[in-house]
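1. give me the fold of what follows.
(chains A and B)
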2 protein chains.
Amino acid sequence: MDETDGPETGHGKRETVTAMIDLRSIDAFIDDHFNAHLERMRAFVRQPSISGEGVGMTEMADLVAQTIREIGGTSEIVPTSGWPVVYGELHEGRPQTLLLYGMYDVQPVAGEAWTVPPFGGEVIDFEDLGPCVVSRGATNQKGPLAGLLSALQSIRTVAGRLPVNVKFVVEGEEELGSRHLPEFIDRQRDRLSADGTYFAAFSQDRTGKPILWLGVKGIVFFEMTCRGGGWGGPATRGIHGSQGAWIASPVWRMLHAMATMAGPDERIRIDGIYDRVHAPSPEDEAVLAALAETFDPSVTLRSNDVRRFKYDLRGVELLRRYLFEPILNIDGIAGGHFGPGTKTLLPHEITAKMHVRLVPDMEPEDVREKIVAHLARIGCADFDVRFEEGYPWAKMSPSAPISQAMIRTFRSFGREPEVWPNIAGSAPFYLFSRVLQQPFTMGGLGHGGRAHSPNEYATVDGLRRFEKSVARFLYEFASSEPSSTVSSPQRADQSAGAGAP
Amino acid sequence: MDETDGPETGHGKRETVTAMIDLRSIDAFIDDHFNAHLERMRAFVRQPSISGEGVGMTEMADLVAQTIREIGGTSEIVPTSGWPVVYGELHEGRPQTLLLYGMYDVQPVAGEAWTVPPFGGEVIDFEDLGPCVVSRGATNQKGPLAGLLSALQSIRTVAGRLPVNVKFVVEGEEELGSRHLPEFIDRQRDRLSADGTYFAAFSQDRTGKPILWLGVKGIVFFEMTCRGGGWGGPATRGIHGSQGAWIASPVWRMLHAMATMAGPDERIRIDGIYDRVHAPSPEDEAVLAALAETFDPSVTLRSNDVRRFKYDLRGVELLRRYLFEPILNIDGIAGGHFGPGTKTLLPHEITAKMHVRLVPDMEPEDVREKIVAHLARIGCADFDVRFEEGYPWAKMSPSAPISQAMIRTFRSFGREPEVWPNIAGSAPFYLFSRVLQQPFTMGGLGHGGRAHSPNEYATVDGLRRFEKSVARFLYEFASSEPSSTVSSPQRADQSAGAGAP
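-> Here you go, the predicted structure:
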């Protein structure tokens, strides 16, 4: 990966209104203080903050709140029914305000095989990527969050103030499906008004190509348990395996029930689940067609250490299937004895953790109802199904001013971004686009990988590029016409989706 | 449960040749020294010995070997490729020799909810059973093993010597499918000759009814893993769950493969698996018919905390299905993330631990071949299938002299045993009946339950009854005609099975 660090002025189709002199000084400041910025990122990833296990959460929220104060803002830790939200503000007397949405929690590491301690924040030469921070949270999302804060600090030091006012909403439950973020948004709505929402991310792929994702899929998580009871099976405890000769197995019942929910081709077989799935809009198809020109499937396969896709498709057909179809994924399943050795056991329960990814115009409530109806239809209404959280998809139009500001940012570094209609992953951007009526974007220079996997990493050099790109984006966003972005978030949503969201 | 402790002389159809005075003195000795015997049992269960986890195995083997020496025998710890066998002898100058087969290992307790520490050896009032030792191994099989040793010690103290010579073969891998017992038997064959094999067990049910099981099912354990690889799926690590939109899931593939191995009714669907399953012989049918007269299904349901059987059958039909059909049981299954919280993960592997119970005349090798052939037929030849251990079924005729000795033992305590053609569980008795050509039996008075389950227990009073019944059995066995038992073990096996074993 050889990257051009300096912003270039000749690539944007329109000249930005901001003074280039500010940006070059800011870039120089970032270079001069990069060691301290890297240490800030390492300090962030060294503080464990596993929301699912309740590890280090208070400490991490404090660290984020304190860092916001360090760079000149105000911050507070706002309680929710779950982990708190770190809220902050930096009033700069600017006409426009950007809401910086982020997360301070990370995925668990239990059972994963790491080559370094997962919360060690170590810098090592990793694969063929050069020096990388290999640590949980390096790319998802503490690395970008730390870089964002360092970038803001650099702008303020060099230019005196930011080109926009900013508000921080950094939640501690992103990895739990943002369970209590709707509650926070609802309660704090009065002070969350802004002209747009930005989510920091390292969005270059491992070849250096920057990606702009215009949206996210929605998600419905659920945990499904089959237990012995009135229907048969051991009611309260696992029993001797030989009893399976005349006592029913909750495990066999569960497996057969699950096998009715998706076929051997993994296509979902829950009645009506595809009713609200629409073909991509003409605008999406145009984005897909352009994307197929530059999309390199081998990078995806390599990044995920996978030999082949599950469809024998290429180009637009493969991408359309990936981005515009729902899936029913099994995150995990466990029942009975799975330690070392043998134990002849007839287990009394088995649990699967699953999720559905929602594409336009699927809605969580409708998906939940269809799952429950399916289980009732196959005679499994007694299964214990817990829907823990979930939210719908969200999308922006590529022509939205905030999307264009991000595209101009990438171009200013001499890189033409690869624009994706959405990412296959999920984030609760609907809260900003649909509930708060704010256009949103995400990304930035920098590269990381293996999110939710052992050896999660981000390149050291990418952090530096990311900080410069964030500074640039703030000025590009400030130069957008606020009226055109603020007035049409809902329209932007609709133009990229299809029909009513 | 109100039990008559003293042996009665009028119940046997033939008078035993042994002196009743010896037995009454022995019973009195057992009563007088019962506290010490109970402490021996509690010491046995307090010593963890989880073969599957390698916990406390050396210490437990030492404890057994030392106890054999305490009661006057010789003992040694014989290494195998796995956990050692405790071998011991007690030469009494008697014409007949009984081989005492036992086990010093127990099942794991990880993940089980106990009301007392699982290796505490505590005596508590348990359910409606009165004082019980509630501890791992209380009934399977350290409780009976300790009782057997105390009984032998009592006989020797009172009568000077046992009515038979005994040899001990106490293995440490019964819960691992007796992996290395064949190796031991093969190597030590020269010194294992005996006139019969006995396995100590508390075989009264919770109502006090004594059970005589004439045999065991065989077993084939296997562990089956589906991993991502050349066919697709994540090859080396779990990846972000959103990737399931175009990358195949080893978990879905595994579940669909497993669903082809047994139907929703749990009947095995592996081609040819029933080819060698034979209808019960006329002798078995006669045993079944007698059994159905006294068999109380509600006791089974209650003991296992189960509401209903999986078949809507009764009496002989239900028993025949239970005892004379194979099952494919899932002991456990695990893949992906199953800790607290959510983790959107596409797992790279999933493993199921399964076993088949073998009835006459299924053979392990044949079953293994059919499982492998089935997986190949459904396109899953790449699954990693590990057959760790296994052995065939074994059965004795109810008319065999050793069976009759046990029946007379129960009757001498005023109890008519309920005779079962076999137990649905498994034990490597084929090594004695088929390889060493020794008739075998198992059981004794006493009651325990919840083997392989939390709160495994044995009643305190049952231990006392067990010891007395063992003493009686040794004299009953000694009074059998050795020629009739030694010459026809293979015939006994065949008469209860069907065709060649």
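2. helix, strand or coil for A:L100?
-> State at A:L100, reduced to three classes by DSSP: H, G, I helix; E, B strand; the rest coil: strand.
3. so it bridges to which residues?
-> Following DSSP bridges, A:L100 is listed with bridge partners A:F168, A:Y198.
4. list the buried residues for stretch A:142-159?
-> For stretch A:142-159, a neighbour-count test (16 or more other Cβ atoms under 10 Å in any protein chain shown) marks A:142-156, A:158-159 as buried. In this view, the C-beta of every residue, glycine as well, is placed from N, C-alpha and C.
5. and that stretch, how far out from the chain middle?
-> Relative to its chain's centre, stretch A:142-159 lies at 21 Å (Cα atoms, centre = their mean, to the nearest Å).
6. which stretches of chain A aren't confidently modelled?
-> Along chain A, the parts satisfying pLDDT under 70 run over A:1-21, A:481-501.
7. could you list the domains of it?
-> Listed by automatic domain parsing, the domain ranges of chain A are A:20-214+A:396-496, A:218-277+A:325-391.
8. for chain B, give me its nearest residue in the stretch 51-200 of chain A.
-> The stretch 51-200 of chain A approaches chain B most closely through A:G52 (2.1 Å), counting by Cβ to the nearest Cβ.
9. list the contacts of that residue.
-> With contacts defined as Cβ atoms under 8 Å, 6 or more residues apart in numbering or on different chains, A:G52 is in contact with A:107-108, A:175-176, B:339-343.
10. following the helix or strand harbouring A:H37, which helix or strand comes up?
-> In this structure, A:H37 is located in helix A:34-46 according to DSSP states H and E. Downstream of helix A:34-46, the first helix or strand assigned by DSSP H and E is helix A:57-70.
11. which elements pack onto that following helix?
-> helix A:34-46, strand A:74-78, strand A:85-90, helix A:142-159 (3 or more Cβ pairs under 8 Å, 6 or more residues apart in numbering or on different chains; DSSP states H and E).
12. now the spatially most central residue of chain A: closest residue in space that isn't a chain neighbour?
-> By Cα atoms, centre = their mean, chain A has its centre lying nearest to A:A427, at 4.8 Å. Spatial nearest neighbour of A:A427, chain neighbours left out: A:V216 (4.8 Å); criterion: Cβ to Cβ, 6 or more residues apart in numbering or on different chains.
13. distance of that neighbour relative to B:H240?
-> 13 Å (Cβ to Cβ, to the nearest Å).
14. so the two - more neighbours on which side?
-> A:V216 (27 against 23; other Cβ atoms under 10 Å in any protein chain shown).
15. next, the buried residues of the host helix or strand of the more buried one.
-> Using DSSP H and E, A:V216 sits within strand A:215-227. Neighbour counts over strand A:215-227 (16+ other Cβ under 10 Å) mark A:215-224, A:226-227 as buried.
16. just checking: what are the partner strands of it?
-> Partner strands and pairing direction for strand A:215-227 (DSSP bridges) are strand A:349-358 (antiparallel), strand A:384-391 (antiparallel), strand A:394-395 (antiparallel), strand A:423-426 (parallel).
17. mind checking which of the ones you listed is nearest B:V45?
-> B:V45 lies closest to strand A:349-358 among these, at 27.1 Å (Cβ to Cβ).
18. what residues are up against the nearest residue to A:P48 once chain neighbours are set aside?
-> Nearest non-adjacent residue to A:P48, counting by Cβ to Cβ, 6+ apart: A:G56, 3.9 Å away. With contact taken as Cβ under 8 Å, 6+ apart, A:G56 is in contact with A:47-50.
19. mark which of those are buried, thanks.
-> The neighbour-count criterion (16+ other Cβ under 10 Å) marks A:47-50 among the contacts of A:G56 as buried.
20. closest to B:V169 out of the residues you listed?
-> Distance to B:V169, by Cβ to Cβ, is smallest for A:I50 among these, at 49.9 Å.
21. sec struct for the nearest residue to the closest one once chain neighbours are set aside, please.
-> The shortest distance from A:I50 to any non-neighbouring residue, by Cβ to Cβ, 6+ apart, is to A:P108 (5.2 Å). The three-state assignment at A:P108 reads coil, by three-state DSSP.
22. all the strands of the stretch 151-300 of chain A, residue numbers only.
-> Under the criterion DSSP state E, counting those that start in this stretch, the stretch 151-300 of chain A contains strands at A:165-171, A:196-200, A:211-213, A:215-227, A:239-240.
23. re earlier: what's the closest of the contacts of A:G56 to chain B?
-> Of all those, chain B sits closest to A:I50, with 7.9 Å by Cβ to the nearest Cβ.
24. is that closest one in a bridge, and if so with what?
-> Listed beta-bridge partners, A:I50: A:V55, A:V106 (assigned using DSSP bridges).
25. in this structure it contacts A:E112, no?
-> No. Counting by Cβ atoms under 8 Å, A:I50 does not reach A:E112; the two are 11.9 Å apart.
26. other residues contacting stretch A:299-315?
-> Residues outside stretch A:299-315 that contact it (Cβ under 8 Å, 6+ apart): A:205-207, A:265-266, A:292, A:295, A:297, A:317-318, A:321, A:449, B:228-237, B:239-240, B:243, B:246-248.
27. which parts of it are buried?
-> Under 16+ other Cβ under 10 Å, the buried positions of stretch A:299-315 are A:300-301, A:304, A:306, A:308-311.
28. in strands only, show me these.
-> Among the buried residues of stretch A:299-315, DSSP state E puts none in strands.
29. taking these together, which two end up most distant?
-> By the measure Cβ to Cβ, A:N304 and A:Y311 form the most distant pair in these, at 15.0 Å.
30. assumed A:S403 was part of a strand.
-> No. Under three-state DSSP, A:S403 falls outside any strand and is assigned helix.
31. that one - how many residues pack around it?
-> Close neighbours of A:S403, defined as other Cβ under 10 Å, add up to 22.
32. quick check: chain neighbours aside, which residue is closest to it?
-> Once flanking residues are discounted, A:S403 sits nearest to A:M396: 5.4 Å by Cβ to Cβ, 6+ apart.
33. tell me the SS of the residue of the stretch 251-400 of chain A found nearest chain B?
-> The minimum distance from the stretch 251-400 of chain A to chain B, using Cβ to the nearest Cβ, falls at A:G341 (2.1 Å). Following three-state DSSP, we place A:G341 in the coil state.
34. would you confirm that it contacts B:S51?
-> Yes. Counting by Cβ under 8 Å, B:S51 is a contact partner of A:G341 at 6.6 Å.
35. and A:L291, how far from A:G315?
-> 9 Å.
36. picking up where we left off before, just the closest of the buried residues of strand A:215-227 to B:D275, please.
-> For the buried residues of strand A:215-227, the minimum distance to B:D275 (Cβ to Cβ) is 31.9 Å, reached by A:C226.
37. A:W252 is in contact with the closest one, correct?
-> No. Contact between A:C226 and A:W252 fails when scored by Cβ under 8 Å: they sit 9.4 Å apart.
38. if you skip the residues just before and after it, what's nearest to the residue lying farthest from the centre of chain A?
-> Largest separation from the mean C-alpha position in chain A: A:W246, at 47.4 Å (Cα atoms, centre = their mean). Closest residue in space to A:W246, ignoring its immediate chain neighbours: B:Y322 at 4.3 Å, by Cβ to Cβ, 6+ apart.
39. go on, A:R253?
-> For A:R253, ignoring the flanking residues on the chain, the nearest one in space by Cβ to Cβ, 6+ apart is A:C226 at 5.5 Å.
40. again with A:F477
-> A:A405 (4.5 Å).
41. next one: A:A373
-> The spatial neighbour of A:A373 that comes closest, neighbours along the chain excluded (Cβ to Cβ, 6+ apart), is A:D271 at 7.0 Å.
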